[in-house]
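Student: Give me a 3D structure for the following:
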Amino acid sequence: MMTEVSALENVAPKVIVLDNDPFSDVGEYLEILPDPNSEYSPFEIVLPEWANRWSSVDEPTLNLGYVNSPYWLRLNIDASASIYKQWDMIVSTAMLDYIDLYQVFPDTGPRLVYRSGTRRAFSNREEDHRYFIVPLEIYNQPSEPTSFLIRIETEGSFYVPVQLYPANDFWAPLQKADVVNWMFYGVILAMALYNLFLFATVRDVSYLYYVLFITTFACLHLSLDGYIFQHVWPESMAYSPIPDTLLSAGSLIFGLLFITYFLNLKSELPLLNRIIQVMIGIMLAVIALALYYPGLPIDSWTVPLMGTLLLMAVLIGVYAAFKGLVTARYFTLAWVVFAVGNLYLVLVLTGTNLLPVPPLMVSKAAAFAEAMLLSFALAHRIRVLREERQKQQLKAEAQSYFLAQISHEIRTPLNGVLGTVDLLDQTQLDEEQKKYIETIQSSGKSLLNLVNDVLDYSRIEAGKMTVVEEQIHIQDLFRHQVELFRAQANQKSLNFKLTIDPNVPEWILSDAQRIRQIATNLISNAIKFTDQGQVVVSLSSTRRNGHPYLSIQVRDTGIGIASHEIAHLFDAYQQVDVGKRRVYGGTGLGLAISQQLVDLLGGTITVQSQQNQGSEFTVQLPLKTRTLSAPPTANVETALSRSLSILVAEDNVVNQKVIEGLLVKLGHSVTVVPEGGQSVSERMNPEASYDLILMDCEMPKMDGYEATKLIRQYEKANALPQIPIVALTAHALDDVRRRCLKCGMNDFLTKPINTQQLIRTMNHLFV
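Tutor: As a prediction, this is how the structure comes out:
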């Protein structure tokens, strides 16, 4: 280890005597001179009185670790016995900030013949290669070697492997090294894509963190190997040490997150989980320092920290295996291999020469082996999770979660489709075009109903479904529901009718939305499974145990249900047999949701059916009535009479156009920004004045929640009135609504958004 020059012997200068073959062990012939104040000139250090200040290296590779000052290197070469007079010096590292080479001529002294380094533009290099390739011309007499002075200054590790090749003979060995490197990157890319596919399939976040870990680690090697500087970085710009810091810290952070989720430390070993959180906090602090104080020697801090974290990862794996976690065995073996290879890299970078093997190659080999072993571990994890899921009967829960996520993803483009159709419907159309518009609207609403079913079932499974009791005109509600399905029934030539018993009151207290969902599911199923005959919807009032109940019956003459299927009819994802499912379609969620909603309303649902003779579903709900002095007036929503100045924060381009179009049609002026930070800037702009802000909740850079908090803080700090902020989101969950209100929003719009929703919301805020 050579971190101090005082540890080096003062000896007579050594001379490399070249023949016709490459020369690899140049380090043993180098002499070094520290320049602590960066003040030495090449003309003074060649003077005889400086001879005793030079120290020999006596190692095949010069490695000083992290040093705080530049160093001068001296190399004496005798090529008089070689047929080659033009040679190339290869400094086979890509991470030296400044490298200047002077050739010492007997008559004129030192002359600068080469300047390069990562802090200088790549376009200045004589050879298009990631390494430093220095052309040398050596015409010397026997016993009169040519001297070269090399000044190197770097904030990173002072690791300088040097080889000499006859002119242009270096390409073959360097290309072989490149081939090996790109094979490594190809394997890592394949592993990343494979595990990304697994993440998309099983939705286990540990796979995502593993993908991010190996990807950032591979990108770190791309930077250390010089490929990013050579192929990605602008040729006219000097390279920056910040990518190395961000990538090394990022790989460690994602590695730690992978450990946390792969071993389930939060529940299995909470103490270790807290330790890892502290480590992640330290790495985030390092990233912040690197970004705000680029002059700090961050690399010299992160490398020892990397070694510490590697050891911690191994110890965590050993401890987890000792505690009986089965998945920890593969994990521990993989991280031991990875830690050994990268601890070798850490030791070399800090100044210790161990083996005559390039440290980056050892690190790559360890990463390759770790990727293979962790693939076994991840595959084993899949098997374990599958077995646990089967044992604990988690299949329905997994399906519900997956469908809820898909439903959320569908809402955003669906907003664009239905919103655009809404705008188109307000233009001049002929009769044929109106029919097309009605078809699109009908299909879109059907898709929206499907999405709502999925979200509702997810809410029910999570115990988050609530009931809102309100006064509803129950007879009008069912008349409207029947008319919604009239066209569908007419297509099948069904006798479709509604009967209402005279004893059914007009107004009751219940949840209109839930009753509407129940009616929609039952009527939709009846029409779907009835090809001929009739579908009859009946409302009546009955008494049970002395209490009044509203009875809703839906009878059909359809295919009926086999007796053995009735018992599971209200289970999630159940329907009639698979053959009928292929014919009639559907998710099998409608009846499961209906039963859960009926339970929430305190009622019951029953079914009577015979195969090929039809079915009868009966819902009985507690009947609560209230005598009204006057019937409530119909709530006819009309647009505001005045024009508003509205700021819309929405990242999706299609949704931007839709919302802007709807608002402009209503007579308002609109400003659109693509992310939350810009909405904050607009609010702080004294020249801008807005009456309303429509804020998308999920945007890149800054989401709507954070933007709303900052706007409210700004308004409070400056004693300004609060501008109403309405959330725009594809999430229809109550906890999302609560989060919106908590961060300072005034109202909530669920996508897809239409004109009536906007009118209703603005009337609520401004009337």
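
Student: Can you tell me the closest non-neighbouring residue to the residue nearest the centre of the chain?
Tutor: In the chain, the centroid-proximal residue (C-alpha atoms, centre = their mean) is residue 208; its distance is 8.3 Å. Leaving out its chain neighbours, the residue that sits closest to residue 208 by C-beta to C-beta, 6 or more residues apart in numbering is residue 199, at 4.7 Å. Where you see a C-beta, it was placed from the backbone N, CA and C, and this is true even at glycine.

Student: how many other residues sit next to the closest residue to residue 492 other than its chain neighbours?
Tutor: Spatially, and ignoring its direct neighbours in sequence, residue 492 is nearest to residue 531 (6.4 Å; C-beta to C-beta, 6+ apart). Residue 531 has 13 neighbours, counted by other C-beta atoms under 10 Å.

Student: quick one: contacts for residue 531?
Tutor: 492, 558, 559 (C-beta atoms under 8 Å, 6 or more residues apart in numbering).

Student: Show the residue spans covered by the helices in the stretch 51-200 of the chain.
Tutor: Here the stretch 51-200 of the chain has its helices, by DSSP state H, counting those that start in this stretch, at 171-202.

Student: Can I get whichever strand or helix holds the residue nearest to the centre of the chain as PDB, trimmed to CA atoms?
Tutor: If you go by DSSP states H and E, residue 208 is part of helix 205-224. Only the C-alpha atoms of helix 205-224 are listed here, as PDB (Å, rounded to 0.1, in the frame of the first residue of the first chain):
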ATOM      1  CA  VAL A 205     -41.500  -4.800  -5.400                       C
ATOM      2  CA  SER A 206     -38.300  -6.700  -4.400                       C
ATOM      3  CA  TYR A 207     -37.900  -7.600  -8.100                       C
ATOM      4  CA  LEU A 208     -38.200  -4.000  -9.100                       C
ATOM      5  CA  TYR A 209     -35.500  -3.000  -6.500                       C
ATOM      6  CA  TYR A 210     -33.300  -5.800  -7.800                       C
ATOM      7  CA  VAL A 211     -33.700  -4.500 -11.300                       C
ATOM      8  CA  LEU A 212     -32.800  -1.000 -10.200                       C
ATOM      9  CA  PHE A 213     -29.900  -2.300  -8.200                       C
ATOM     10  CA  ILE A 214     -28.200  -4.200 -11.000                       C
ATOM     11  CA  THR A 215     -29.000  -1.500 -13.500                       C
ATOM     12  CA  THR A 216     -27.400   1.300 -11.500                       C
ATOM     13  CA  PHE A 217     -24.500  -1.000 -10.700                       C
ATOM     14  CA  ALA A 218     -24.000  -1.800 -14.400                       C
ATOM     15  CA  CYS A 219     -24.300   2.000 -15.300                       C
ATOM     16  CA  LEU A 220     -21.600   2.700 -12.600                       C
ATOM     17  CA  HIS A 221     -19.300   0.300 -14.400                       C
ATOM     18  CA  LEU A 222     -20.100   1.900 -17.700                       C
ATOM     19  CA  SER A 223     -19.000   5.100 -16.200                       C
ATOM     20  CA  LEU A 224     -15.800   3.700 -14.500                       C
END
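
Student: can you tell me which residues contact the residue found closest to residue 26 once you drop the neighbours it is linked to in the chain?
Tutor: Spatial nearest neighbour of residue 26, excluding adjacent residues (C-beta to C-beta, 6+ apart): residue 162 at 4.0 Å. Neighbouring residues of residue 162 by C-beta under 8 Å, 6+ apart: 26, 27, 30, 61, 62, 75, 89, 90, 91, 92.
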